[in-house]
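Asker: sequence unknown, structure follows:
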């Protein structure tokens, strides 16, 4: 009850503008571009489009999962590489795949609390930039080198190093492996496929439709409204569009791929899983009053959000629980929602979510599956971890506005067993 | 807590140091007590009445006087540093060098400088040159005489001996001491190129002994430690390395062969290094003094100093204070080579730039060619370009920009369309700029609703390499907009040249004369190879035919027509170009023009040039001309046009014609610009020659030199 009281006094939080770079496959056209430069680019573009904003930004919040040691607290690095004042504080948030969504929810909190009126929000990830590392044993064996004085002593230190100490570790794979359940994310999708009885064919069909919907959205010019062509500063290549989308994708083609996470009896392939991607998103989030005072456009109202935890082995179910929490909190049912976005980490995981949501059909009803991920998702466009949440907020808000729909939910599953959901209402 | 404690101890340390009134105008003397109990003495430079620290005559006198005081004699550590941020010493006073006309005078000045610096050795104090800012020329020579050279690590601080860029050799001991310190090869390279290095690069070459963090300032404790650690270190290269000096000089001399004729200082440096490497310092210094004196009185040196002063005065107009903030965002219309060049220059200078073209493939092509032609330096720009260059096909965001530059095809209708569209989008404070090369501003901006915020910026191709930008003031342009645009041009690292609205502006009006004359000479029966060679020998980067090829015959012809329409008969369009366009020989871009470009080296297509010549000459008999005639016919009509530009008040004085010629047209800097060259020829000579030409050759208007001669008297 007290919640309701609070909310009547809380300022309304609105999304004013948003841009993103093209999402491109890791190791492709943006492989040598530092994530902070990508982030600075989207912020620069927003600042140049709305120059009045520059003196009113209260905070900079970015989501990022794999921050490089060269740019710790990447939000601050991004800020300092733009024309924003040094005096503005900046911080980075991380909650695995929903980090970009967390940046938005943090901005909402700050505005609700009256700590900021206008926040520069974003998500950024360069999965090309994830480094290789040595095992920890290599480092600890090298430590005595500092104390070694003579040549013999130094030689002794080196003589202790074994080949296994030099075995390179891919930190991307390491980061995508759950440390509690000891499962790589793809295997958690296999768990769901088995438990919820989701066939390979169903998964492939879902992946194909994701590619086709994204292709259609590009062809209709929808994505041109949010994607900003980037020049790769190092190679002078123009990167104008997402490069992971396959308009010619078909179930037959996908059927040829081998399962990658579970060779025997598995069903998750690279074709029905999200892609490893580089990209950045920038959003301007403000209180409604501030947006109006500055004459900023308003795309949508960011109403509320919820996070929920679940079994790390079944992390993919997160969206089902988070959306349920959010709907119940506001006494709503799925009938109230026109659109549902579930981040497509894996086709199996999205389909399992639908089946899990169906379990509460009697009380909450069912979401409109026709409009599930209406513009395709991470299977087609890719999943730059820290940026995806922010992209969902932007894409969903713009879609509601374009189709003149009322409201929708953007949700993501989160490695480690969580789900996040954000309730967005368009301003009709 | 810890921080405040540190501050306190720091303050108490400062209290030990006492400043002595103001007996000197050019530096402050601060004294203190070393941990060992000895005297610590610090000189903080601040050259009187100058923005930067330079070694003026008074400065040297005062320094000499100070070194004779008991204070200097009793000090155990003597530190030189700057009191001005970012600059240690920018070198000797250039006006002092400029005023030298007698060899004896130059020798005396060089001797006096060395005598002052030489006193360092006679003191019992260990000397430290603490380079807390850029240190060039005479400043670094001062440092070379010190026991320890320390430098603050800031990549913006530079250190080097750029004297040869002014046509002289380092004359305060640098030519002798640097090879002994860092070896003959590195030293020669550094001095001959006049290159200034970052602290890290300087440390790698052993030009400085120790790098210190930027925030560290000298004090008794730090300096005592520094002397202990670095004071005894050998700072000279081995005799073995020095013994190779003659060989190194021989090889270096070969590599600079083509430059030596025009830059006598280069040979002088080689000569001094070769003669002195085995001599004791005092003898070596004598040789250096004499060589310095010889170079200091050369015409070349005076000309190079003139060009340096021109560049300084050009940069100065970009530093005028304006009521509006500097441009932070830019829009460029047109993704061709020009548009992308401008966009890249701005983006790499930290200005967020929207480059709009209807076709991103066109932009990609221009970007690729820019990338290819500046591969060596590209990596330095990469991150800034990444963050600041935005390509788009729509007018999104143009309403928030500070300035929009149009760089579309030279066609009035197209430009009018672009501007009317822009005026409906941009904000009321946005500056509108055209990058036209030949159309007058009054016509490009004829249909604007707000002509007061409209101006011209004429960038040269290739934008990333050409240092000049003409800033064009229309009749109605608000003067402050010109100031802001000059600011912008300097921010791009280029030289602004303000000119009033006239078709072709400064550089193209001058070059138009040169190109037309080239084709006319061809028609008069002059062998093309002979003409091209004479132009290159004069020092111009390209002969007229080659330059036409580079510009493109079609564009050259288009501009020539516009100039003719605007300025009348003296710009009569040469006849052969139409024929070339019909034949599809458009110059470099089609691999064929006056030259052919299929092999690596462009080669002059003589037979084709002859056929064009025949076509233009229409049966007239060839005229016999001397080499001198050809050279003068190429240069003097340009000069006459420059004088006309001054008379028409297109530029504010003849020196600006030289800014345009040297930085925009590649006129040889060692000739000091076309006006300085004319002065060296003498007014009567110029007048006589042009008069003869007007009687001997057709199209006499271009040789007119009546009112024009007054301009040469202004010099």
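Answerer: Received the coordinates, thanks. Treat the numbers as computed from the prediction; the structure is a model and nothing was measured. Residues are numbered from 1 along each chain as shown, chains lettered A, B, ... in the order given.
Asker: where exactly do the strands run in the stretch 101-250 of chain B?
Answerer: B:126-131, B:133-136, B:148-152, B:159-160, B:196-197, B:210-212 (DSSP state E, counting those that start in this stretch).
Asker: As CSV, these with mean neighbour count and distance to residue B:70 would be great.
Answerer: The way it works is simple: take the backbone N, C-alpha and C, and place the C-beta from them, glycine included. As requested, those are exported to CSV (neighbours: other CB atoms under 10 Å in any protein chain shown; distance: least, CB to CB, whole Å):
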stretch, mean neighbour count, distance to residue B:70
strand B:126-131, 26, 17
strand B:133-136, 26, 29
strand B:148-152, 25, 23
strand B:159-160, 26, 32
strand B:196-197, 18, 37
strand B:210-212, 17, 29
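Asker: Return the residues of the stretch 201-350 of chain A in contact with chain B.
Answerer: Within the stretch 201-350 of chain A, the residues that sit near chain B (CB under 8 Å from any CB of the partner chain) are A:224, A:228-238, A:240.
Asker: at 7 Å instead, please
Answerer: Contact residues, the stretch 201-350 of chain A versus chain B (CB under 7 Å from any CB of the partner chain): A:228-229, A:231, A:233-234, A:236, A:238, A:240.
Asker: May I see the strands of the stretch 101-250 of chain B arranged in a markdown table, with mean pLDDT as well?
Answerer: Below are the strands of the stretch 101-250 of chain B laid out as a markdown table (pLDDT from 0 to 100):
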| stretch | mean pLDDT |
| --- | --- |
| strand B:126-131 | 95 |
| strand B:133-136 | 96 |
| strand B:148-152 | 95 |
| strand B:159-160 | 96 |
| strand B:196-197 | 96 |
| strand B:210-212 | 95 |
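Asker: What pLDDT does the model give the residue of the stretch 151-300 of chain A at minimum distance from chain B?
Answerer: Of all residues in the stretch 151-300 of chain A, residue A:233 sits closest to chain B, at 3.1 Å by CB to the nearest CB. Note for residue A:233: predicted pLDDT of 92.
Asker: For the nearest residue to it once chain neighbours are set aside, grab the count of nearby residues.
Answerer: Leaving aside its sequence neighbours, residue A:233 sits nearest to residue B:386 (CB to CB, 6 or more residues apart in numbering or on different chains; 3.1 Å). Other residues lying near residue B:386 total 24 when counted by other CB atoms under 10 Å in any protein chain shown.
Asker: Let me see the contact set for residue B:386.
Answerer: Counting by CB atoms under 7 Å, 6 or more residues apart in numbering or on different chains, residue B:386 makes contact with A:33, A:37, A:41, A:231, A:233.
Asker: and the third one, what element?
Answerer: Spelled out, that is residue A:41. Using DSSP states H and E, residue A:41 maps to helix A:35-49.
Asker: Toward the C-terminus, what is the element adjacent to that helix?
Answerer: Once helix A:35-49 ends, the next helix or strand along the chain (criterion: DSSP H and E) is strand A:59-63.
Asker: Parallel or antiparallel, which strands does that next one pair with?
Answerer: Strand pairing for strand A:59-63, using DSSP bridges, gives strand A:90-93 (parallel), strand A:118-126 (parallel).
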